[in-house]
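A.B. asks: sequence? don't have it. structure:
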């Protein structure tokens, strides 16, 4: 009985015919900025993506789902370690080159805000680079209505590998700035 109640609530909430408008689709270009320790490995990246906005019965909550492809170029880092003791001197230089990060991300969450204007987006994400990892996004954006389309500007902070990390794997995170059109 509990599962039927939950299913009924989901159907009532997500039913697009009861929402304020129709389902919208969009395309966007992304600028990817690695942050924290991720910026030590990768440089400023770029990408493309798409999104769908599904209205609900609430005038201020929709479902936003999307997918992005991001490419972040790998960096080369050089570290020098020097040991100096009386009568002994040693210097070791280590150079590490990181391969480019090619990331495919699929995300979904509630778009909190009116149909047009600013909105807040907490989302969960499935990310694939060389392996699948689950992460979270916190972000938002603005939808500016034009004649027959909307201009979409968005900003997202993401932690890409919260779930599924290897034992020695560090958290990978970044910021994505996007601009595109919603039809």
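C.D. replies: Sure, I can see it. Fair warning: this is a prediction, and the values are worked out from it, not measured in the lab. Numbering: from 1, shown residues only.
A.B. asks: Just checking: what are the partner strands of the helix or strand containing residue 178?
C.D. replies: In this structure, residue 178 is located in strand 173-182 according to DSSP states H and E. Strands flanking strand 173-182 in the sheet, each with its direction: strand 24-35 (antiparallel), strand 150-163 (antiparallel) (DSSP bridges).
A.B. asks: And these: which comes nearest residue 83?
C.D. replies: When the strands paired with strand 173-182 are ranked by proximity to residue 83, the top entry is strand 24-35, at 31.6 Å, counting by C-beta to C-beta. Quick note: C-beta positions are derived from backbone N, CA and C, even for glycine.
A.B. asks: Give me the contact list for that closest one.
C.D. replies: Applying C-beta atoms under 8 Å, 6 or more residues apart in numbering, the set of residues contacting strand 24-35 from outside is 39, 41-53, 68, 70-72, 150, 152, 154, 157, 172-183.
A.B. asks: With stretch 97-105 instead?
C.D. replies: 41-42, 45, 47, 67-77, 125-129, 158, 160.
A.B. asks: okay, the spatially most distant residue from the centre of the chain: pLDDT?
C.D. replies: Note on the chain: the largest C-alpha distance from the chain mean falls to residue 87, namely 53.2 Å (C-alpha atoms, centre = their mean). Residue 87 carries a pLDDT score of 76 in this model.
A.B. asks: residues touching it, list them.
C.D. replies: For residue 87, no residue meets the contact criterion (C-beta under 8 Å, 6+ apart).
A.B. asks: hmm, back to that, switch the strands paired with strand 173-182 over to CSV; also include distance to residue 57.
C.D. replies: Supplementary listing: the strands paired with strand 173-182 in CSV, determined by distance: least, C-beta to C-beta, whole Å:
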stretch, distance to residue 57
strand 24-35, 17
strand 150-163, 21
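A.B. asks: In terms of mean pLDDT, which of the ones you listed ranks lowest?
C.D. replies: Comparing the strands paired with strand 173-182 by mean pLDDT, the weakest confidence falls on strand 150-163, with a mean of 91.
A.B. asks: ok, and what's touching it?
C.D. replies: Around strand 150-163, the neighbours that count as contacts under C-beta under 8 Å, 6+ apart are 24, 26, 28, 35, 51, 103, 105, 116, 121, 123, 125, 127, 129, 133-144, 169, 171-182.
A.B. asks: Emit the PyMOL select command for whichever of the residues you listed are buried.
C.D. replies: This is how PyMOL selects the buried members of these, with burial counted by 16 or more other C-beta atoms under 10 Å:
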select buried, resi 24+26+28+51+103+105+121+123+125+127+129+133+135+136+137+139+140+141+143+172+173+174+176+177+178+180+182
